[in-house]
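Asker: model the following, please.
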Amino acid sequence: MYDAVLVELSSPAGSPAAAAGLHLGRARGRTGRRTGWAKGPPGRPGSVTLDLIHHPTAQSAAMEQTPAHGPRATRQWIGRAAFEAALIVMGIVGALVVDEWRDARDRAARVQEALTAIRAELQANLTSVREVLALNEELIATLRESAKTGAVYQGGIVRSRPLSTVAWEAARDGAITTDIDHQTLMRLGRAYGATTRYLAEVSGYASFTYTYDGPTSLRERPERLAGWLSDLASRARGVEQQIGEALDAMDGDAGRPAA
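Answerer: Residues are numbered from 1 along each chain as shown. Next up, the predicted model:
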């Protein structure tokens, strides 16, 4: 904005050019020189020389800072918006990938921890089952000897060792079994299923022998006791086989988490 105007009149005082009553309005632009005349060309008598001195005002500064509008500015704005949107999408996708990786790592750690506990439990159960088989073999031999001699058997009737399913039930209740490899999971299910059935049969056998109220004591019928114990021993061998297969599956690569 031009705020100061210096007017140089080349015409003599009192000339028609000096008294032409030129109308000078406020002009926009940089400092410059403009020449107007009432009569005759510039530099001759009657010419008027205008020196325009530029002083920026708040209004002109605001106008200079106003962004340009048009196709080019629109394309620039669209490009910047697309770039920012792409950054946002990439940030969201990256966060999801990191969360998925962290969740998979935590699940794999839980599976390995559960499999470690299950392996230890199965190994302990396998040792107990083999001990029970050895004890029952001795008891069966003793009962059959008593049946031959007619002597009344006075020893213990039920020989058992503790079998546990705590680790398996904890993994199942915690939904950890859903991340275990399918083949390993099937082996574990068979092993623990056989163990549960065996424990139920041992419990039923013990309850029957201790509550039996027949005409004769079961100790007076050792051959019958030997037959029952033989059936339990057969169940125990099945448990031994299932546990062994489950341990073999866990010792191989099949113990990895399910995909």
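
Asker: please parse this structure into its domains.
Answerer: 2-65, 107-255 (automatic domain parsing).

Asker: pick out the shakiest of these, pLDDT-wise.
Answerer: If you rank these by mean pLDDT, domain 2-65 sits at the bottom with a mean of 45.

Asker: helices of the protein, start to end?
Answerer: Along the chain, counting by DSSP state H, helices occupy 58-65, 71-149, 166-173, 182-211, 222-251.

Asker: what is the last one packed up against?
Answerer: Okay, so that is helix 222-251. helix 71-149, helix 182-211 (3 or more Cβ pairs under 8 Å, 6 or more residues apart in numbering; DSSP states H and E). C-beta coordinates here come from the backbone N, C-alpha and C atoms, glycine included.

Asker: the second one too?
Answerer: If you count contacts as 3+ Cβ pairs under 8 Å, 6+ apart, helix 71-149 packs onto helix 166-173, helix 182-211, helix 222-251.

Asker: switch the ones you listed over to a markdown table; also include mean neighbour count and distance to Leu139.
Answerer: Shown next, in a markdown table, are the helices and strands packed on helix 71-149 (neighbours: other Cβ atoms under 10 Å; distance: least, Cβ to Cβ, whole Å):
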| stretch | mean neighbour count | distance to Leu139 |
| --- | --- | --- |
| helix 166-173 | 16 | 28 |
| helix 182-211 | 16 | 12 |
| helix 222-251 | 18 | 6 |
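
Asker: tabulate those in TSV, adding columns for distance to Phe83.
Answerer: Shown next, in TSV, are the helices and strands packed on helix 71-149 (distance: least, Cβ to Cβ, whole Å):
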stretch	distance to Phe83
helix 166-173	48
helix 182-211	46
helix 222-251	52
